[in-house]
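Participant: Pasting the sequence and the predicted coordinates here, then a few questions.
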Amino acid sequence: MRSTRSQDPSTRPSAKCTKSHASHYEKKQALSLPPKLNRTTFRTSREMDFLSEKELVTQTGHGVSEWPLVIVKELMDNALDACEDIDTEPVIDVVADASGISVIDNGPGLPEATLEGAFDFSVRASNREAYVAPDRGAQGNALMTLLAMPKVLDSDAGRLIVEAHGKRHVITCGTDPISQRAVVHDDVSDVPKCKNRQSKDGTNKQALSGTTIRVEWTSRHDEDGDVVWPFGSGGFAGRFEQRFRMLVEGYAVFNPHATISLDWFGKRSEWNATDTSWSKWKPCKPTSPHWYETSHLERLIGAYITHDRDAGSDRLVSDLLSEFDGLTGSQKRTKVLVDADAKRVKLSELAVDGELDKPRIARLLASMQSHTRPVKSKRLGVIGEDHLRARLLGMGIESDSFQYSRKVGNDGLPWVLESAFGYRGDCESSRLIFSGANWSAAINNPFRSFGGTGEGLEAVLADMRAGRSEPIVLHLAHPRVEYTDRGKSALVIGGNEQ
Ligand SMILES: Nc1ncnc2c1ncn2[C@@H]1O[C@H](COP(=O)(O)OP(=O)(O)OP(=O)(O)O)[C@@H](O)[C@H]1O
Ligand SMILES: [Mg+2]
């Protein structure tokens with residue numbers, strides 16, 4: 001390759017060269033050297049990533065043809081978590097129609113600040129991400145993907161509609177053609193605070209709070225008059241019905257305390273709560289120090305320091321401790337603080353020269369763990385045989401074919417694995433398999449790659465997979481469910497059977 005610095009002597013001009021000679025030389029040089037572009041490094045906002053189909057596929061972990069399932073799963077996770085946040089029995093309505101998918105809950109209402117936080121695609125906004133707990137959502141990502149999705153689905157009319165706290169937000173995402181930055185338009189209007197919701201007996205009941213979220217697009221029909229959804233080619237809405245319904249039903253299978261309804265193009269299905277007083281480890285419950293490793297506590301402390309700094313405050317280490325299981329009483333807290341030498345210490349003091357004081361945080365965690373008891377597996381929540389029998393009978397299984405099994409384990413991290421099976425006779429429809437973790441239904445079976453260590457939970461799961469009578473229901477409760485991908489489609493966990 002020719003260097004642009006050295007010159008071929010045969011083409012070098014003499015000192016006496018005339019103007020015409022020089023231009024002849026320049027022409028010759030232009031012909032002999034490849035043209036060079038000195039490229040400029042442009043900085044483009046990563047916000048744009050959310051506004052392309054390709055990146056949303058990565059963010060959601062699912063192809064466009066599965067996005068109707070992604071929408072309903074993420075919205076139902078959030079709805080159930082929100083109701084449990086305020087210890088309310090969840091009543092969730094899902095509506096699918098020609099121009100959108102809506103999920104309506106009776107929770108505390110999506111806070112305006114959280115919604116606005118999601119407008120900044122470069123920042124996560126979540127009240128779960130930094131805690132270790134058996135939560136459904138923990139990535140602080142879903143709301144952002146759902147904000148961007150309508151625009152990608154329908155560039156003209158795609159929008160997200162959020163109703164909460166007496167306000168209706170009609171949100172559209174666009175792009176600034178010059179800066180290539182995401183531009184979020186939030187058209188806010190008032191809605192009556194008391195929304196009317198249809199109850200089971202057809203009468204209207206008033207919900208004082210709650211959130212309605214709707215992903216909306218332009219209604220379209222094909223030449224036969226069938227509804228076409230904008231999820232990839234051949235998007236006839238009817239082809240989504242079975243999987244959509246099964247996903248919603250999965251939530252009814254895993255949540256005995258929830259009343260769930262589905263309105264699929266006017267066709268209604270309802271699953272009433274079988275036990276409104278059913279207990280599980282709810283998001284509003286303090287988390288256990290035994291679920292944290294030092295890196296997790298560092299993450300939580302870092303998040304609190306940043307949050308407090310932004311709010312112009314600084315909490316005590318003691319205030320942080322009061323949020324943990326077993327440390328709500330002041331006597332225990334004092335013991336931990338004395339052991340960890342953190343009495344009257346502010347949280348910000350656990351950061352030195354812009355770095356977290358890792359040895360000190362490790363000592364604090366060790367002290368928290370030594371003064372509290374690990375959580376017994378069953379306290380995480382057991383769906384239970386009665387509820388699963390009721391749900392499977394509702395699906396038409398032969399009653400004497402019902403089988404239920406429960407395994408519990410704890411090797412530092414507690415877990416509960418439940419499975420149920422029933423025979424549906426010579427039913428023509430394909431086998432129904434409901435799998436999920438932490439009371440959240442999975443789009444695809446997340447228990448796919450276990451059996452590596454051959455011990456504990458992995459062995460139990462591998463065993464179940466190998467069994468000929470694959471369970472119709474498989475559910476795992478675990479405080480540190482980790483997914484290998486953002487689409488929450490493959491789990492990584494570990495543990496030993498008790
Ligand atoms: N229906 C709702 N009612 C009240 N708050 C909500 C609702 N939906 C979302 N939120 C709030 O918005 C936050 C962000 O939701 P988002 O789904 O993006 O993240 P996440 O649920 O924390 O994690 P993940 O990305 O795994 O779902 C939640 O942490 C919660 O605080
Ligand atoms: Mg979520």
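Facilitator: Thanks, I have it. Numbering: from 1, shown residues only. Ligands and ions are numbered 1, 2, ... in the order given.
Participant: Single out the residue in the protein that lies closest to ligand 2.
Facilitator: G137 (2.9 Å; CB to the ion). For glycine as for every other residue, the C-beta is placed from the backbone atoms N, C-alpha and C.
Participant: So that residue sits against L75, correct?
Facilitator: No: using CB atoms under 8 Å, G137 makes no contact with L75, being 10.4 Å away.
Participant: Going by how many neighbours each has, rank these two and give me the top one.
Facilitator: More neighbours surround L75 than the other of G137 and L75, with 25 against 22 (other CB atoms under 10 Å).
Participant: Which helix or strand contains the more buried one?
Facilitator: If you go by DSSP states H and E, L75 is part of helix 67-85.
Participant: other SSEs contacting the following helix or strand past that helix?
Facilitator: Downstream of helix 67-85, the next assigned helix or strand under DSSP H and E is strand 91-97. Identification of packing neighbours for strand 91-97 by 3 or more CB pairs under 8 Å, 6 or more residues apart in numbering; DSSP states H and E yields helix 67-85, strand 100-105, helix 241-254, strand 259-264.
Participant: quick one, strand 91-97 and helix 67-85 angle?
Facilitator: For strand 91-97 against helix 67-85, the angle by axes from the mean of the first three to the mean of the last three CA atoms, to 10 degrees is 160 degrees.
Participant: what's the average pLDDT for strand 91-97?
Facilitator: What strand 91-97 shows for mean pLDDT is 98.
Participant: So which of the helices and strands packed on strand 91-97 is nearest ligand 1?
Facilitator: Closest to ligand 1 of those is helix 67-85 (CB to the nearest ligand atom; 3.2 Å).
Participant: buried ones in that closest one?
Facilitator: 67-84 (16 or more other CB atoms under 10 Å).
Participant: is ligand 2 contacted by that helix?
Facilitator: Yes: applying CB under 5 Å from the ion, one finds that helix 67-85 is in contact with ligand 2 at D77, N78.
Participant: just the angle between that helix and strand 100-105, please?
Facilitator: 10 degrees.
Participant: Export helix 67-85 to PDB, keeping only CA atoms.
Facilitator: Provided in PDB are the C-alpha atoms of helix 67-85 (Å, rounded to 0.1, in the frame of the first residue of the first chain):
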ATOM      1  CA  TRP A  67     -43.900  -8.600  21.400                       C
ATOM      2  CA  PRO A  68     -47.600  -8.900  22.200                       C
ATOM      3  CA  LEU A  69     -46.500 -11.400  24.900                       C
ATOM      4  CA  VAL A  70     -43.600  -9.100  26.000                       C
ATOM      5  CA  ILE A  71     -46.100  -6.300  26.500                       C
ATOM      6  CA  VAL A  72     -48.600  -8.300  28.500                       C
ATOM      7  CA  LYS A  73     -45.900 -10.000  30.600                       C
ATOM      8  CA  GLU A  74     -44.100  -6.800  31.600                       C
ATOM      9  CA  LEU A  75     -47.300  -4.900  32.300                       C
ATOM     10  CA  MET A  76     -48.700  -7.800  34.400                       C
ATOM     11  CA  ASP A  77     -45.400  -8.100  36.400                       C
ATOM     12  CA  ASN A  78     -45.500  -4.400  37.200                       C
ATOM     13  CA  ALA A  79     -49.200  -4.400  38.000                       C
ATOM     14  CA  LEU A  80     -48.900  -7.400  40.400                       C
ATOM     15  CA  ASP A  81     -45.700  -6.000  42.000                       C
ATOM     16  CA  ALA A  82     -47.400  -2.600  42.500                       C
ATOM     17  CA  CYS A  83     -50.500  -4.100  44.200                       C
ATOM     18  CA  GLU A  84     -48.200  -6.100  46.500                       C
ATOM     19  CA  ASP A  85     -46.200  -3.000  47.200                       C
END
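Participant: can you tell me which of the buried residues of helix 67-85 are up against ligand 1?
Facilitator: E74, D77, N78, A79, A82 (CB under 6 Å from any ligand atom).
Participant: Between those residues, which sits nearest H296?
Facilitator: D77 (20.9 Å; CB to CB).
Participant: wait, what's in contact with that closest one?
Facilitator: D77 makes contact with R136, G137, A142, S440 under the criterion CB atoms under 8 Å, 6 or more residues apart in numbering.
Participant: show me what contacts L380?
Facilitator: L380 neighbours (CB under 8 Å, 6+ apart): P134, K280, W281, P414, W415, V416, A477, H478, P479.
Participant: Let me fix that, I meant to ask about M246.
Facilitator: L432, F434.
Participant: where's it relative to S65, distance?
Facilitator: 16 Å (CB to CB, to the nearest Å).
Participant: what do you get for R344?
Facilitator: From R344 to S65 the distance is 57 Å (CB to CB).
Participant: repeat for G117
Facilitator: 30 Å.
Participant: do A340 as well
Facilitator: As judged by CB to CB, A340 and S65 stand 52 Å apart.
Participant: do T328 as well
Facilitator: 47 Å.
Participant: residues from the stretch 1-150 of the chain in reach of ligand 2?
Facilitator: Going by CB under 5 Å from the ion, the residues of the stretch 1-150 of the chain near ligand 2 are D77, N78, G137, A142.
Participant: could you redo the last one with a cut-off of 6 Å?
Facilitator: Residues of the stretch 1-150 of the chain lying close to ligand 2 by CB under 6 Å from the ion are E74, D77, N78, G137, A142.
Participant: correct me, but the third one touches A142?
Facilitator: Yes: if you go by CB under 8 Å, N78 and A142 touch, sitting 6.8 Å apart.
Participant: got a list of what D87 touches?
Facilitator: K282, C284 are the contacts of D87 under CB under 8 Å, 6+ apart.
Participant: How about S209, nearest residue that isn't a chain neighbour?
Facilitator: Using CB to CB, 6 or more residues apart in numbering and skipping residues adjacent in sequence, the residue nearest S209 is G109, 4.8 Å away.
Participant: What are the boundaries of the strands in the stretch 301-450 of the chain?
Facilitator: 351-352, 355-356, 403-410, 414-421, 434-437, 440-441 (DSSP state E, counting those that start in this stretch).
Participant: now the angle from the third one to strand 414-421?
Facilitator: Our comparison of strand 403-410 with strand 414-421, counting by the same axes, to 10 degrees, yields an angle of 170 degrees.
Participant: other SSEs contacting strand 403-410?
Facilitator: Applying 3+ CB pairs under 8 Å, 6+ apart, one finds that strand 403-410 contacts helix 385-394, strand 414-421, helix 456-466.
Participant: where does the protein have its least confident helix or strand?
Facilitator: Using mean pLDDT, DSSP states H and E, the weakest-scoring helix or strand in the chain turns out to be strand 204-207, at a mean of 43.
Participant: Okay, now the sheet partners of the following helix or strand past that strand, with direction.
Facilitator: Heading C-terminal from strand 204-207, the first helix or strand you meet, by DSSP H and E, is strand 211-216. Using DSSP bridges, the strands paired with strand 211-216 are strand 100-105 (antiparallel), strand 159-164 (antiparallel).
Participant: related to what we said a few turns ago, put together TSV for the helices and strands packed on strand 91-97, with mean pLDDT on each row.
Facilitator: Output for the helices and strands packed on strand 91-97, formatted as TSV (pLDDT from 0 to 100):
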stretch	mean pLDDT
helix 67-85	95
strand 100-105	98
helix 241-254	95
strand 259-264	98
